[in-house]
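*Asks:* predicted model follows, preceded by the sequence.
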Amino acid sequence: MLLLVAAGAYSSLGYAGNDQIASHYMTKGEWSDTVCGGCHFDVYENVNHSYHVQVNMSRWSPLTNFDLETSGEEEWVKEFGKYHPGGGPLAAYGIGIDCMMCHEQYGLYDFEARAEKIENGEYADANEAAW
């Protein structure tokens, strides 16, 4: 009985109100193969090849009334790249996948800093700026 109680108490350590992320201890608040890949094997490759990351720019946000042929890909990146997790079509601009854009749970991620770097064409520094 004591073992059952101890197991229950141990399983809720770090619980912040969301069962799905309660067991995640992202103390550094950043993506790396050692942090996430320790449990989620091949997650980077799976995400990198997912529809969410690889979708064509012309189909990524059909409600924006953005004419890709007229305005060009780089303008799309500057205007809508801040909402994209990186990788896929943004990899050509130096914006890698940033999983913490949506999955950081401690409120340390500065979405606006990342968005500002992308809007200014400072693509390589965008993900780093969020931290």
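*Replies:* Cool, the structure landed.
*Asks:* CA atoms for contacts and neighbours, from now on please.
*Replies:* Will do.
*Asks:* and Ala126, how far from Thr70?
*Replies:* 25 Å (C-alpha to C-alpha, to the nearest Å).
*Asks:* quick one, which of the two is more surrounded?
*Replies:* Ala126 (26 against 8; other C-alpha atoms under 10 Å).
*Asks:* what score does that one have for pLDDT?
*Replies:* Looking at Ala126, its pLDDT stands at 93.
*Asks:* Ala92: how many residues sit nearby?
*Replies:* Under the neighbour criterion other C-alpha under 10 Å, Ala92 is assigned a count of 10.
*Asks:* typo on my end, Met57
*Replies:* Met57 has 17 neighbours, counted by other C-alpha under 10 Å.
*Asks:* likewise for Gly107?
*Replies:* So Gly107, with other C-alpha under 10 Å, has 8 neighbours.
*Asks:* repeat for Gly86
*Replies:* Taking other C-alpha under 10 Å as the criterion, the count of residues near Gly86 is 24.
*Asks:* residues in contact with it?
*Replies:* Val53, Ile95, Gly96, Ile97, Asp98 (C-alpha atoms under 8 Å, 6 or more residues apart in numbering).
*Asks:* neighbour-wise, which of those residues leads?
*Replies:* Counting by other C-alpha under 10 Å, top hit in the contacts of Gly86: Ile95 with 24 neighbours.
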